[in-house]
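Asker: Could you look at this predicted model? Sequence included:
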Amino acid sequence: MQIMKPIGNQIFSESDLIRGCNDADPRMQEALYRQYSPKMYGVCLRYANHTEDAEDILQEGFIKVYRNIGRFRGDGSFEGWIRRIFVNTAIEHYRKTAHMHPVTEQQEQNVTDREWTAFDKMAAKDLVKLIQTLSPGYRTVFNLYVVEGYTHKEIADMMGISEGTSKSQLARAKAILQEKIKKNAAKGM
C-alpha cells in the first residue's frame, strides 16, 4: 500500500474537507486521508489478523468514506462518523471469514472481573499485540465491547449473531487473554 505524501503545509477545515470530498476533489481526499489515516489505521490493526489485512481495511474504509461523505449530517463528530465506517468495514471484512467459537455458560462464568485487572498493568502496545493473537471472532467482539463501547445487543445486530454468542465470545476472549497475560508475567514480560 502506498502512503500518500503531504501536498505542502496547507491545512483545511473539516467543512472544507467534507465539501471538497463530496465534490470528489483529489486534493481534499488526500488531505482527509493524511489527517485521519493514522488513527483509522490503528482501528484497522485492532481488528486485523495481519498488517496486510489492516491496510486492506484502511483502503476499503476510505473508499466508503469518500463515497458516503454526502451522508454525513453533522449529528456528532465527523471523526466519530469516520470511525464507525472503519469499524463496520472491519466487521464486514471478518464476517466473511471469521467463525465464532461457542463457549459454554460455565466457561463464561469462570471469567471474573477480578482477573481482568491484570490489563490495567500492561502497556497499551503489549495489550494490542495480545489482542491481535485472538481469533477474528473473539478479537472483533472484544474490540467492539471493550474498546468501542458497544452493547452485546448492538454487537449482535452488527455481526448477525445472538447476544448470547456475543457474550460468550467476549468471555472466551477475556479468558484467553488472561491466560496469555499470566504466561507473559511468568516469563517476565
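Answerer: That came through, no problem.
Asker: What average pLDDT does stretch 21-38 get?
Answerer: Stretch 21-38 carries an average pLDDT of 94.
Asker: ok, and for it, which residues are buried?
Answerer: Counting neighbours by 16 or more other Cβ atoms under 10 Å, one finds that the buried residues in stretch 21-38 are 21, 28-33, 35-37. Any C-beta I mention is one placed from the backbone N, CA and C, and that applies to glycine too.
Asker: From the chain's centroid, how far away is the lengthiest helix in the chain?
Answerer: If each helix of the chain is counted by residues according to DSSP state H, the longest one is helix 163-187. Helix 163-187 sits 18 Å away from the centroid of its parent chain (Cα atoms, centre = their mean, to the nearest Å).
Asker: what packs against it?
Answerer: Judged by 3 or more Cβ pairs under 8 Å, 6 or more residues apart in numbering; DSSP states H and E, the packing partners of helix 163-187 are helix 105-109, helix 113-116, helix 124-132, helix 136-142, helix 152-159.
Asker: Is it correct that V87 is in contact with E148?
Answerer: Yes: counting by Cβ atoms under 8 Å, a contact exists between V87 and E148, whose distance comes to 6.1 Å.
Asker: Which residue of those two possesses the greater neighbour count?
Answerer: Summary of the neighbour comparison: V87 and E148, criterion other Cβ atoms under 10 Å, with V87 having more neighbours (24 against 16).
Asker: Show me which helix or strand of the chain is least confident by mean pLDDT.
Answerer: helix 113-116 (a mean of 41; mean pLDDT, DSSP states H and E).
Asker: residue nearest the centroid of this structure?
Answerer: Centrality entry for the chain: nearest residue to the mean C-alpha point is V43, 4.0 Å, by Cα atoms, centre = their mean.
Asker: For that residue, give me its contacts.
Answerer: With contact set as Cβ atoms under 8 Å, 6 or more residues apart in numbering, V43 has these partners: 83, 86-87, 90.
Asker: ditto for F142
Answerer: F142 makes contacts with 131, 134, 169-170, 173-174, 177, as judged by Cβ under 8 Å, 6+ apart.
Asker: Next: T151.
Answerer: Applying Cβ under 8 Å, 6+ apart as the definition, the contact partners of T151 turn out to be Y145.
Asker: And for E79?
Answerer: The contact partners of E79, by Cβ under 8 Å, 6+ apart, come to 36, 39.
Asker: tell me which element it falls in.
Answerer: In this structure, E79 is located in helix 78-95 according to DSSP states H and E.
Asker: Low-confidence regions, this protein specifically.
Answerer: 1-9, 97-125, 188-189 (pLDDT under 70).
Asker: How is it partitioned into domains?
Answerer: If you go by automatic domain parsing, the domain ranges for the chain are 14-95, 105-187.
Asker: Perfect, I'm done here.
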